[in-house]
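Engineer: 3D model of this:
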Amino acid sequence: MTAELSIRLQTYLAPKLAAPDLIVSDLARIPGGASRETYRFRARYAKDGKPVERALILRRDPVASLIETDRTTEFRAYGAFHKLGLPVPEPVALELNMAALERPFFVMEEIVDCSVGSIIAPDPYGEHREKIGQQFWSVLGRIAKPNPDDIGLGDFGGTRDTATCWSHELARWEKVIDEDESEPQPIARAAIRWLKRNPPPPAQKISVVHGDYRTGNFLFDARGDIRAILDWEMAHLGDPLEDLAWALDPLWSHGDPTHPAGAIARDRAIAIWEEASGLRAELRALAWWETFASLKGLAIWISAAREYAEGRNTEAVNAFSGWYCLAFHNKVLADRLGGAP
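Structural biologist: Residues are numbered from 1 along each chain as shown. As a prediction, this is how the structure comes out:
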């Protein structure tokens with residue numbers, strides 16, 4: 001199957017890169033991935049009489065996806081933020097037609113010689129914890145800073161209404177729970193009721209929200225430099241505090257919620273984000289979005305559990321999510337609601 005996919009990918013890419021002699025080699029599936037199949041490969045061809053070898057990534061829609069997302073959104077986000085100089089891979093080609101590889105896909109640059117921090121590692125960054133922490137929160141602030149229209153993403157999904165962006169996102173994830181729960185979810189329902197009764201202040205601005213900015217979705221090199229922010233498939237327009245709250249969630253804290261993302265102290269992280277974004281993490285608003293973040297997590301893990309149980313997507317990450325992550329966020333929400341007014 002990999003050999004056939006290599007040939008089809010080679011046939012597709014040759015005219016796209018104006019390289020009739022292009023050869024695709026070393027195509028290999030990267031394990032994991034709940035909403036895309038991911039492969040790495042090498043493209044070898046000649047340009048101006050000189051040999052070229054490019055390390056590339058193929059992101060193809062799977063037969064069944066955990067959360068329905070639009071690959072065009074991810075591809076366009078890579079393009080916009082790559083042009084701004086943020087650490088994101090360069091996008092190469094987007095194909096929505098089913099003929100080439102049976103499902104929609106896109107190709108982007110592979111960032112090589114890097115590591116990813118596992119959410120279950122107690123100290124994923126070692127001596128680079130401080131450096132990575134400063135970059136992680138600064139980059140998130142830089143994502144929030146530009147006006148979506150100025151970077152060509154003003155037509156992204158979500159909402160441009162600062163007063164209702166919270167309810168738009170809450171309705172989105174409540175619908176996921178409604179459709180995917182296989183058993184009653186009393187903690188999720190209690191959280192939804194609380195979130196509706198205690199709306200946050202209007203957003204300070206509408207920004208592009210990455211949607212899944214966290215540990216595990218960025219690559220760093222041996223010097224401790226963040227080289228790539230990945231997995232933009234849930235990007236949308238909304239309140240930038242949504243991204244901040246998701247990144248602060250204790251699931252990504254490597255066992256120490258006082259150091260979110262397993263890096264620097266929470267207060268410093270928020271201060272770095274504020275400086276980079278030009279925004280303020282107002283306490284009441286951030287508290288609402290942090291509760292929402294854990295509910296959003298529950299919705300995703302509920303979907304993961306159902307996909308795995310029904311055999312539509314048997315990636316191990318779905319089994320782990322439906323077991324460990326679901327229980328984790330149930331406890332986080334129960335604790336939050338237990339102390340809520």
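Engineer: which one's the longest helix in this structure?
Structural biologist: Identified as the longest helix of the chain according to DSSP state H is helix 283-309.
Engineer: in that helix, what's buried?
Structural biologist: With burial defined by 16 or more other C-beta atoms under 10 Å, the residues of helix 283-309 counted as buried are 285-308. Placement of C-beta: from N, CA and C, glycine included.
Engineer: buried residues of the next helix or strand after that helix, list them for me.
Structural biologist: Sequence-wise, the next helix or strand downstream of helix 283-309 (DSSP states H and E) is helix 316-320. For helix 316-320, the neighbour count (16+ other C-beta under 10 Å) marks 317-320 as buried.
Engineer: for helix 316-320, name the packing helices and strands.
Structural biologist: On a contact count with 3 or more C-beta pairs under 8 Å, 6 or more residues apart in numbering; DSSP states H and E, helix 316-320 meets helix 283-309.
Engineer: tell me the average confidence for the helix it packs on?
Structural biologist: Helix 283-309 carries an average pLDDT of 96.
Engineer: output the contacting helices and strands for that helix.
Structural biologist: Using 3+ C-beta pairs under 8 Å, 6+ apart, helix 283-309 sits against helix 165-180, helix 186-197, helix 241-248, helix 316-320, helix 326-338.
Engineer: JSON lines for those, including mean pLDDT and distance to residue 30?
Structural biologist: JSON lines is the format used below for the helices and strands packed on helix 283-309 (pLDDT from 0 to 100; distance: least, C-beta to C-beta, whole Å):
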{"stretch": "helix 165-180", "mean pLDDT": "97", "distance to residue 30": "26"}
{"stretch": "helix 186-197", "mean pLDDT": "98", "distance to residue 30": "31"}
{"stretch": "helix 241-248", "mean pLDDT": "98", "distance to residue 30": "23"}
{"stretch": "helix 316-320", "mean pLDDT": "87", "distance to residue 30": "12"}
{"stretch": "helix 326-338", "mean pLDDT": "96", "distance to residue 30": "24"}
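Engineer: dump the ones you listed into JSON lines; add distance to residue 80 as well.
Structural biologist: Shown next, in JSON lines, are these (distance: least, C-beta to C-beta, whole Å):
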{"stretch": "helix 165-180", "distance to residue 80": "20"}
{"stretch": "helix 186-197", "distance to residue 80": "30"}
{"stretch": "helix 241-248", "distance to residue 80": "15"}
{"stretch": "helix 316-320", "distance to residue 80": "28"}
{"stretch": "helix 326-338", "distance to residue 80": "31"}
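Engineer: ok, which of those comes nearest residue 158?
Structural biologist: helix 165-180 (6.6 Å; C-beta to C-beta).
Engineer: could you list the low-pLDDT ranges of the stretch 51-200 of the chain?
Structural biologist: 63-69 (pLDDT under 70).
Engineer: those helices in it, which residues are they?
Structural biologist: Here the stretch 51-200 of the chain has its helices, by DSSP state H, counting those that start in this stretch, at 71-83, 129-144, 165-180, 186-197.
Engineer: closest one to residue 111 among those?
Structural biologist: The nearest among the helices of the stretch 51-200 of the chain, by C-beta to C-beta, is helix 71-83 at 11.4 Å.
Engineer: from the contact counts, what lies against that closest one?
Structural biologist: strand 91-95, strand 105-109.
Engineer: what's in contact with that helix?
Structural biologist: 36, 59, 61, 88-91, 94, 96, 104-106, 108, 143, 151-153, 156-157, 208, 210, 229, 231-233, 235-236 (C-beta atoms under 8 Å, 6 or more residues apart in numbering).
Engineer: can you rerun that using 7 Å?
Structural biologist: Helix 71-83 is contacted from outside by 59, 61, 88-91, 94, 104, 106, 108, 143, 151-153, 156, 208, 232-233, 235, using C-beta atoms under 7 Å, 6 or more residues apart in numbering.
Engineer: re the thing from before, which of the helices and strands packed on helix 283-309 has the highest mean neighbour count?
Structural biologist: Neighbour counts (mean count of other C-beta atoms under 10 Å) averaged over each of these peak at helix 241-248, with a mean of 26.
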